[in-house]
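Asker: here is my input, please return the structure:
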Amino acid sequence: MKKFIINLFFVLTVFIIYFLQSNFFTWFNIAEVMPNVFIIFVLFVGLFTNKTLGTIYGVIIGLILDLLFGTKVGIQAVSLGLIGFLAAIFDKNFSKDSRMTIMVMVLGSTIIVEVINYLLKYMFIGNSVEIFNFIRILILEVIFNLILTIIIYPLIQKFGYEIENEYKGNKILTRYF
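Answerer: Numbering: from 1, shown residues only. The predicted structure is shown next:
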């Protein structure tokens with residue numbers, strides 16, 4: 001029953017993030033670049049639940065974004081699904097207690113998602129190669145995501161450990177062996 005409530009909370013969070021992405025952040029952007037909060041959310045789900053659930057949420061959110069905004073279905077799904085999967089690997093190798101560690105994970109995840117999206121759009125859609133424009137967008141999006149991570153980190157940490165206890169149990173010693 002608790003896992004159902006947690007997943008319901010995740011679905012409601014996706015709707016809230018969608019509202020923020022489509023309405024709020026369109027007003028507060030720099031050079032028409034907005035943060036991608038879905039990257040932070042999928043990373044959060046993968047870190048504090050498991051790689052299966054992180055990958056599933058990443059693929060589903062990516063498919064929804066592709067259907068609503070994309071020209072080809074599957075580009076966002078691949079990149080966000082990969083982030084959900086990599087988050088479980090990050091969980092095994094890094095501590096979630098440090099704000100700096102989470103920020104490095106968000107930085108790396110944002111770079112991975114944007115590079116994969118850019119390469120897949122180049123391969124399948126035939127977008128022109130504009131490296132300087134891509135680097136400008138990437139830097140601004142990374143800065144936005146890092147600022148948002150700094151702001152919401154206390155919430156991520158508080159709710160994350162509660163969710164982790166439900167999904168993984170309190171197996172601190174077996175986690176490292």
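Asker: mean confidence for stretch 94-107?
Answerer: Here the mean pLDDT over stretch 94-107 is 87, rounded to a whole number.
Asker: which residues sit against that stretch?
Answerer: Stretch 94-107 is contacted by residues 39-40, 43, 47-48, 87, 90, 142, 145-146, 149-150, 153, 156-157, 160 when judged by CB atoms under 8 Å, 6 or more residues apart in numbering. All C-beta spots, glycine's among them, are computed from the backbone N, C-alpha and C.
Asker: ranges for the helices of this protein?
Answerer: Read by DSSP state H, the chain holds these helices, from start to end of the chain: 2-19, 25-27, 37-48, 51-69, 75-93, 99-124, 131-168, 172-175.
Asker: neighbours around the nearest residue to Val129 once chain neighbours are set aside, how many?
Answerer: If the residues on either side of it in the chain are set aside, Val129 comes closest to Tyr122, at 6.5 Å by CB to CB, 6 or more residues apart in numbering. Neighbours of Tyr122 under the rule other CB atoms under 10 Å: 13.
Asker: show me the shaky parts of the protein.
Answerer: Segments of the chain classed as low confidence (criterion: pLDDT under 70) are 1, 170-177.
Asker: how far away is the residue nearest the centre of the chain from Met103?
Answerer: Closest residue to the average C-alpha location of the chain: Ile39 at 1.9 Å, with CA atoms, centre = their mean. Taking CB to CB, to the nearest Å as the criterion, Ile39 is separated from Met103 by 13 Å.
Asker: and for Leu65?
Answerer: Shown here: Leu65 relative to Met103, a distance of 24 Å by CB to CB.
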